[in-house]
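Trainee: Sequence below, structure please.
(chains A and B)
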Amino acid sequence: MAATQAGMKRFYTLFAVLAVVGLGVLGYLLTRPATVSIPANVTVQPSDTSGFAGYVKGAATAPIEITEYADYQCPFCQTFATLQMPTIEERLIKTGRLRWRYRDFPLQQHPFARLAAHSAACADEQGKYWEQHDRIYQGQPEWAGARNAAPLFRRYAQAAGLDLSRYDACMESGKYAGRIQADLNSGVQLGVSSTPTLLVNGRLYRGRFDSDAITRLVDSLARQATR
Amino acid sequence: MIYRMSAVLLSLTGLFVSAYLYLYKIGKIGSLACGTGGCETVQWSPWSRVAGIEVALIGVLGYAGLLAVSLASLQPGLVNRRWPAALLLVLAGVGVLFTVYLTYLELFVIHAICRWCVASGVIILGIFLAALLDRRRPSQIEKA
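Mentor: The predicted model follows:
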């Protein structure tokens, strides 16, 4: 009986040690800082924006250009990107009537906005900017509330067919922090204060954010241009 | 008794493994410690959910249940009863079948192996064997 009691005591000691070690490891993993972060308010160097003027899709000959300043973590930007942009792309961009320029405008209150912008910039290195852009917006409900969004962006990169070793190196370098900051600064200079903000042929757009309104606007501007 | 103790320790280990995978999946921790990179492929595949529920969460709940049953089976009033071992055997058996299904998906559908899933498979198999051996041992009550 005493031997059994001693055996039980040893067992419960082992159980307690295992529980403490396991909880300790999980606790450490939950509280450690994110491994990748993109600094804000960095000093923009000339090399950060050399040859870069936003991410562009659409024909260079398109008569109308819209520049979008957006934040990947902004819910309204997400709705616009996932619900309105597919129609705008089909109707206007693919038909050569409109050129779209995307610029980052990460808001301070969104902790993953710069990380998301940097992830898309790293995808751009491998010619997959828009694939990653779309995946990040589509996945916003999934990552916006996460403690660390980096693994989710990495998963999107993998799904987009990126070379993950190059992607990881790019993310760890934080090399596009200056470019993102430069986009933000340019938006501030133009009067952008919220997201998404559209500039139509360089002028701030104050109209509705739906594909029908933008189609009417593009048609109207195209008619004016041909008069 | 040793088999039930083994089942307790294995269930606790399995609980931590599945909790680790679940916390990763919901974005609460960083990247997975997985040398092959297959873990992410598996964890983010369409088969990482069953009926809308994360497989890792099913693991957490399953191992928690196994832990509760195996711990209860060590209590003085139950230690010589055979039904806790039978219940443990049934639960672990379901776990083994589920693991076989998941391993099939990894090998032939997803074409990627997650080391943590393999670890969980070994653990559930260990619990099943412990429950089987416990079930086969002569009943103390019958002897008394």
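Trainee: Low-confidence regions, the chain specifically.
Mentor: You didn't pick a chain, so chain A it is. A:1-3, A:33-36, A:227 (pLDDT under 70).
Trainee: nope, chain B
Mentor: B:30-31, B:35-37, B:44, B:139-144.
Trainee: Mind telling me which residue is nearest the centre of chain B?
Mentor: residue B:124 (4.0 Å; C-alpha atoms, centre = their mean).
Trainee: In three-state terms, label it for me.
Mentor: When classified by DSSP: H, G, I helix; E, B strand; the rest coil, residue B:124 comes out as helix.
Trainee: Tell me how far it lies from residue B:102.
Mentor: 10 Å (C-beta to C-beta, to the nearest Å). C-beta here means a position set from N, CA and C on the backbone, and glycine is covered the same way.
Trainee: Look up the closest residue to the residue of chain B found nearest chain A, ignoring the ones flanking it.
Mentor: Residue nearest to chain A within chain B: residue B:27 (2.7 Å; C-beta to the nearest C-beta). Sequence neighbours aside, residue A:146 is the residue nearest to residue B:27 in space, at 2.7 Å (criterion: C-beta to C-beta, 6 or more residues apart in numbering or on different chains).
Trainee: Now do the contacts for the one you found.
Mentor: Neighbour list for residue A:146: A:112, A:152, B:26-28 [criterion: C-beta atoms under 8 Å, 6 or more residues apart in numbering or on different chains].
Trainee: phi, psi of it?
Mentor: phi -80, psi 160 (degrees, to the nearest 10).
Trainee: Spell out which parts of chain A neighbour chain B.
Mentor: A:4, A:7-8, A:11, A:14-15, A:18-19, A:22, A:25-26, A:29-30, A:32, A:34-35, A:142-143, A:145-152, A:154-155, A:158-159, A:164 (C-beta under 8 Å from any C-beta of the partner chain).
Trainee: at 7 Å instead, please
Mentor: Contacts of chain A with chain B, taken as C-beta under 7 Å from any C-beta of the partner chain, map to A:11, A:14-15, A:18-19, A:22, A:26, A:29-30, A:34-35, A:143, A:146-152, A:155, A:158.
Trainee: Pull out the buried members of the residues you listed.
Mentor: By neighbour count, with 16 or more other C-beta atoms under 10 Å in any protein chain shown, those hold A:11, A:15, A:22, A:26, A:29, A:34, A:143, A:146, A:148-152, A:155, A:158 as buried.
Trainee: Closest to chain B out of these?
Mentor: When these are compared against chain B (criterion: C-beta to the nearest C-beta), the nearest one is residue A:146, at 2.7 Å.
Trainee: distance of residue A:182 from residue A:112?
Mentor: 20 Å.
Trainee: So for those two, which sits in the more crowded spot?
Mentor: A count of neighbours by other C-beta atoms under 10 Å in any protein chain shown puts residue A:112 above the other of residue A:182 and residue A:112, at 27 against 20.
Trainee: and the lengthiest helix in chain B, is it in reach of chain A?
Mentor: With secondary structure taken from DSSP state H, chain B has its longest helix at helix B:2-25. Yes: Helix B:2-25 lies within reach of chain A by C-beta under 7 Å from any C-beta, at B:5, B:8-9, B:12-13, B:16, B:19-20, B:23-24.
Trainee: export these to a markdown table and tack on neighbour count?
Mentor: Shown next, in a markdown table, are the residues of helix B:2-25 next to chain A (neighbours: other C-beta atoms under 10 Å in any protein chain shown):
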| residue | neighbour count |
| --- | --- |
| B:5 | 22 |
| B:8 | 27 |
| B:9 | 20 |
| B:12 | 22 |
| B:13 | 20 |
| B:16 | 20 |
| B:19 | 21 |
| B:20 | 23 |
| B:23 | 17 |
| B:24 | 23 |
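Trainee: Make a markdown table out of those and add distance to residue B:109.
Mentor: What follows is the residues of helix B:2-25 next to chain A, written out as a markdown table (distance: C-beta to C-beta, whole Å):
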| residue | distance to residue B:109 |
| --- | --- |
| B:5 | 37 |
| B:8 | 34 |
| B:9 | 32 |
| B:12 | 31 |
| B:13 | 27 |
| B:16 | 27 |
| B:19 | 25 |
| B:20 | 23 |
| B:23 | 25 |
| B:24 | 21 |
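Trainee: that older thread, nearest spatial neighbour of the residue nearest to the centre of chain B, skipping sequence neighbours?
Mentor: residue B:95 (4.2 Å).
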